[in-house]
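1. I'll drop the sequence and a predicted model, then ask my questions.
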There are 2 protein chains.
Amino acid sequence: MSERNENSKNPIVAARSENFPGWYASVLKEAGWLEVGPIAGTIVMKPGALRVWKEVQRSFGSVLEEKGIEDYIFPSLIPEEIFAKEQMHLDGFVPDIAIVTILGGKSREEGLVLRPTSETIITNWMRGQIRTPNDLPLKVHQWGNVFRWERRTKPLIRDTEFLWQEGHTAHSTQEEADSFALEMLESYKTFLQETLAIPVMAGPKPESEKFMGALRTYTLEAMMQDGRSLQLATSHNLGQNFSRVFDVKYRLPDGLQEYVWQTSWGMSTRVLGALVMVHGDDTGIILPPRIAPDQVVLIPVAKDSQDSQVLGATFAVRDELKKAGIRLIVDTGEERLGEKRYRYERKGVPLRVEIGAREIESNTILLARRDNGEKVEAPQDRGPEIVAEVLGEIQESLFAKAAQRTVDKTVWVNGVEELQQAVKDGKFALVHWDGDGRVERSIKLNSGATIRCFPDGLRGVGALREIGTDTLTGQVALFAKAY
Amino acid sequence: MSERNENSKNPIVAARSENFPGWYASVLKEAGWLEVGPIAGTIVMKPGALRVWKEVQRSFGSVLEEKGIEDYIFPSLIPEEIFAKEQMHLDGFVPDIAIVTILGGKSREEGLVLRPTSETIITNWMRGQIRTPNDLPLKVHQWGNVFRWERRTKPLIRDTEFLWQEGHTAHSTQEEADSFALEMLESYKTFLQETLAIPVMAGPKPESEKFMGALRTYTLEAMMQDGRSLQLATSHNLGQNFSRVFDVKYRLPDGLQEYVWQTSWGMSTRVLGALVMVHGDDTGIILPPRIAPDQVVLIPVAKDSQDSQVLGATFAVRDELKKAGIRLIVDTGEERLGEKRYRYERKGVPLRVEIGAREIESNTILLARRDNGEKVEAPQDRGPEIVAEVLGEIQESLFAKAAQRTVDKTVWVNGVEELQQAVKDGKFALVHWDGDGRVERSIKLNSGATIRCFPDGLRGVGALREIGTDTLTGQVALFAKAY
């Protein structure tokens, strides 16, 4: 710690408690995650962030592979005629879309919409793929970039262009479609909680917040350290809204035809922003080991950076850790130890392992945890085993800390005033709600809070007065300010 | 072979020799590689093609990683003001660019160019990254989608939207930049020849064919089976053309400032089209083992698809092959053997391995090569070793066959008439050329042939009459019809 103060001033501009947005922007910059692009709301994703996104692709990609869902690439440009077919969808996206009107120097009568999402072009394509029930379910998926011209932008949270994955399926019955939408919600939940160590609340969205064109939207909401909610993944039961307008039908043996039932579901680079806002501290980013591109940074400690004894021991440890499947980098650079330590702290590498003359003598290695600063001395011959163990503890501890925070800052409220106070205090508010949109809108107007979801497992729990009426029949709603 | 004729009619519409474009389109469809999108020139990339592209990303990505070149993601939309800075670049791309003029329902005064390539936005970004010689060389790279509104389109060869990789570097001297452009050309050449088994001719482009905005363009050209040339990768020495207009300078210790010297280089999904057009036969695609997502298809042969003895033996062989690092799929489906065989032939899986009662009895497995139909019986306990060996032979044999074809169909010509005849016969023509653009243009007009490159290692070779003049001082030029 003393080295750090000697060598580097903390370049993070603010403590989280003082200026959360300022802290967030500063942390991203100092970790080498991104820079802003030349147009407001666009970003240059640097290796720091992109390497984490690749781990997301690898990890969640294997979930899709296990389900037998294969990757496709669909065109980015959607003819306006196709994009405009589903009226609610069109109305919902028009304020945000970018349209190409000039192609090869010539103006086009009909514009091409730069996809904000691909339900329209994929449903249009599905028409040619489906004839009989044997062609169902049809499940396709793509990783790609999408474009939404939002006014209020925030790096990784709301960019005008961002990377994401989107899945689209067609089924023969409504029940199967709804159950598949829920299956995907569950897969996201598992991924977010177990791999990203981010606790989430799961449940359907109210009418006012659902995806435009969907029958039902299921969401996963997570609490950031400032008490705001961030929607991390959604899964939609699209009903037959798209299949009807795109005429996607299958023919039953008796000759009758039925429109297919569809789902779509997606998760974006926003999860990278969530990793920062859920786990970060005043020094910088903290990455959960399961998603960290580098789980360990290994640093030789010697006055002379060419010290052959220390370097030899370092490389021996490196080989052992690699053999155990641990992702690591070795930093043999000329910089002072304090600077190295601090750089990897800012980047959020979960575990630092040091080896110097003292460790060589005692046949040990020194482990320093990023999340709580704790140091552990491990016998060299048990190095890989103990490193793996400590990485597991960090993973669990990050989740536990975030879960505790979410529980501590989630309160049952009694009526509108309590609700608004809770939200003002940076809390999640749970309340019975009778479905009255006027109450919902007035709360939004007065406190900025919206219904994030009707959390699963909370229906009927918490015998408090319902807002809107004096009864207790409504669903439990989670109100919070959202990003 | 008999099974095939019994069970499946050949769905490939034409032999290569009769109708090469028809054969190409049909092969792509039958292999499940792609479908056309709703706008002319756009495609839906299906798992068949996308899985090969992912292998390209994995394989060439590791080349970049070894060079320490990291991945970034830059914005897809480039403000017109930035795109228009380099005049030659602008002039070259204007006929092909798509421009967004409507954002969120409002018309914009200044349009946003949907990137056809990223020299402008990346050089603009570099200005903020470079101060001193210590910041050089700067090397960045991205995998992404780009847009070129070409009139003459052809799936994978010339799509209006396609996937590619593009690298961009800045150096302190012209020599270093040129030598790095050549280093990248060499890396592409090695990748194309050794991994994709595609022989290429390497060399600089003539003025008439170089990248707009470059000082020099180096190219790799390959002969397709119809004798046309396809440009598979290019590497550009950009000189200071972009750094001057974007004001990207570094300051020397004496206070003087110098503009940086740049390169850029790229390779696209066009290489997938080349794999088909170089190696395919009248049955379908043939993939070189090093790039095949599935190197082996393993098929149990039994009357009853649930035959436990055959299935047991099949899974034992699968485990052994997997352990040896061979990428394989097992097809235990209900279909008839002939249909299975034929499906994987169309898809181009390089090696089929079968195991049935006969093989179990003799403790063997049956290997059938996709490239030449040859069958090999291998003892089961040497299975992985022999499979690896045969895969190596297929890789070599595909390269050798393509190389032989390229040599056979490349001729030295004597004057313009011979040149035009050679091109008409579907050949590459080598000739001395004195640099006279009028001769070049007249040849293009009369035969469709262009100078593909000045092939490396051929300078001064072949003492034939130079076209344009009667001397022998010019460079050796490769003329061919190009895609």
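-> Received the coordinates, thanks. Numbers count the residues shown, from 1 in each chain, chains lettered A, B, ... in the order given.
2. drop to CA atoms for contacts and neighbour counts, all remaining ones
-> OK.
3. low pLDDT regions in the stretch 351-483 of chain A?
-> Filtered on pLDDT under 70, the stretch 351-483 of chain A yields the residue ranges A:458-474.
4. can we see that at 80?
-> A:434, A:457-474 (pLDDT under 80).
5. quick one: the strands in it?
-> Counting by DSSP state E, counting those that start in this stretch, the stretch 351-483 of chain A has strands at residues A:351-356, A:364-369, A:375-379, A:410-412, A:428-433, A:449-453, A:475-481.
6. Quick one: closest of those strands to residue A:244.
-> Minimum separation from residue A:244 across the strands of the stretch 351-483 of chain A (C-alpha to C-alpha) falls at strand A:449-453, 27.8 Å.
7. by how many degrees do that closest one and strand A:428-433 diverge?
-> If you take axes from the mean of the first three to the mean of the last three C-alpha atoms, to 10 degrees, strand A:449-453 sits at 80 degrees to strand A:428-433.
8. Just want the angle from strand A:449-453 to strand A:475-481.
-> 130 degrees.
9. Pick out the residue in the stretch 301-450 of chain A sitting closest to chain B.
-> Residue nearest to chain B within the stretch 301-450 of chain A (C-alpha to the nearest C-alpha): residue A:329, separated by 13.3 Å.
10. near chain B, which residues of the stretch 151-300 of chain A?
-> Residues of the stretch 151-300 of chain A lying near chain B by C-alpha under 8 Å from any C-alpha of the partner chain: residue A:161.
11. residue boundaries of the helices in the stretch 351-483 of chain A?
-> Shown for the stretch 351-483 of chain A, the helices assigned by DSSP state H, counting those that start in this stretch span residues A:357-362, A:383-408, A:415-424, A:437-447.
12. Redo those as a markdown table? Include mean neighbour count and distance to chain B.
-> Output for the helices of the stretch 351-483 of chain A, formatted as a markdown table (neighbours: other C-alpha atoms under 10 Å in any protein chain shown; distance: least, C-alpha to the nearest C-alpha, whole Å):
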| stretch | mean neighbour count | distance to chain B |
| --- | --- | --- |
| helix A:357-362 | 14 | 30 |
| helix A:383-408 | 18 | 24 |
| helix A:415-424 | 18 | 31 |
| helix A:437-447 | 15 | 24 |
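13. With residue A:282 as the reference, name the closest of the ones you listed.
-> Nearest of the helices of the stretch 351-483 of chain A to residue A:282, taken as C-alpha to C-alpha: helix A:383-408 at 15.3 Å.
14. how far off strand A:428-433 does that closest one point, in degrees?
-> Orientation check (the same axes, to 10 degrees): helix A:383-408 against strand A:428-433 gives 50 degrees.
15. which secondary structure elements does helix A:383-408 contact?
-> Other helices and strands packing on helix A:383-408, by 3 or more C-alpha pairs under 8 Å, 6 or more residues apart in numbering or on different chains; DSSP states H and E, are helix A:270-279, helix A:308-323, strand A:364-369.
16. Adding mean neighbour count and distance to residue A:289, write these out as JSON lines.
-> Converted to JSON lines, these look like this (neighbours: other C-alpha atoms under 10 Å in any protein chain shown; distance: least, C-alpha to C-alpha, whole Å):
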{"stretch": "helix A:270-279", "mean neighbour count": "22", "distance to residue A:289": "12"}
{"stretch": "helix A:308-323", "mean neighbour count": "16", "distance to residue A:289": "14"}
{"stretch": "strand A:364-369", "mean neighbour count": "22", "distance to residue A:289": "11"}
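17. Below-threshold pLDDT in chain A: ranges please.
-> Along chain A, segments meeting pLDDT under 80 span A:1-11, A:13, A:434, A:457-474.
18. Kindly provide the distance from the spatially most central residue of it to chain B.
-> Per C-alpha atoms, centre = their mean, the C-alpha nearest to the average position across chain A is that of residue A:271, at 1.9 Å. Using C-alpha to the nearest C-alpha, to the nearest Å, we find residue A:271 at a distance of 17 Å from chain B.
19. Identify the residue nearest that residue in space, chain neighbours excluded?
-> The spatially closest residue to residue A:271, leaving aside those adjacent along the chain, is residue A:232, at 6.1 Å (C-alpha to C-alpha, 6 or more residues apart in numbering or on different chains).
20. separation between that neighbour and chain B?
-> When distance is defined by C-alpha to the nearest C-alpha, residue A:232 is 21 Å away from chain B.
21. Double-check that that residue belongs to a strand.
-> Yes: counting by DSSP: H, G, I helix; E, B strand; the rest coil, one finds residue A:232 located in a strand.
22. mind giving me the domain split of chain A?
-> What the record gives for chain A is the domain set A:20-76+A:115-279, A:296-392, A:410-481, from automatic domain parsing.
23. Do me a favour and get the end-to-end distance for the shortest one?
-> Read it as domain A:410-481. 12 Å (C-alpha to C-alpha, to the nearest Å).
24. now the longest one
-> In terms of C-alpha to C-alpha, the two terminal residues of domain A:20-76+A:115-279 are separated by 13 Å.
25. ok now that domain, how far from the chain's centre?
-> Mean C-alpha position of domain A:20-76+A:115-279 versus that of the full chain (C-alpha atoms, centre = their mean, to the nearest Å) differs by 10 Å.
26. all helices in the stretch 101-250 of chain A, in order from the N-terminus.
-> Using DSSP H, counting those that start in this stretch, the helices of the stretch 101-250 of chain A run over residues A:119-126, A:174-190, A:241-246.
27. what's the closest of those helices to residue B:44?
-> Nearest to residue B:44, of all the helices of the stretch 101-250 of chain A, is helix A:119-126, at 8.9 Å by C-alpha to C-alpha.
28. Touching that closest one from outside, list them.
-> For helix A:119-126, contacts defined as C-alpha atoms under 8 Å, 6 or more residues apart in numbering or on different chains pick out A:74, A:78, A:82-83, A:85-86, A:168, A:242-243, A:246, A:248, A:264.
29. Quick one: residues in contact with stretch A:246-260.
-> By C-alpha under 8 Å, 6+ apart, the residues outside stretch A:246-260 that reach it are A:85, A:123-124, A:126-127, A:130-133, A:170-173, A:240, A:243-244.
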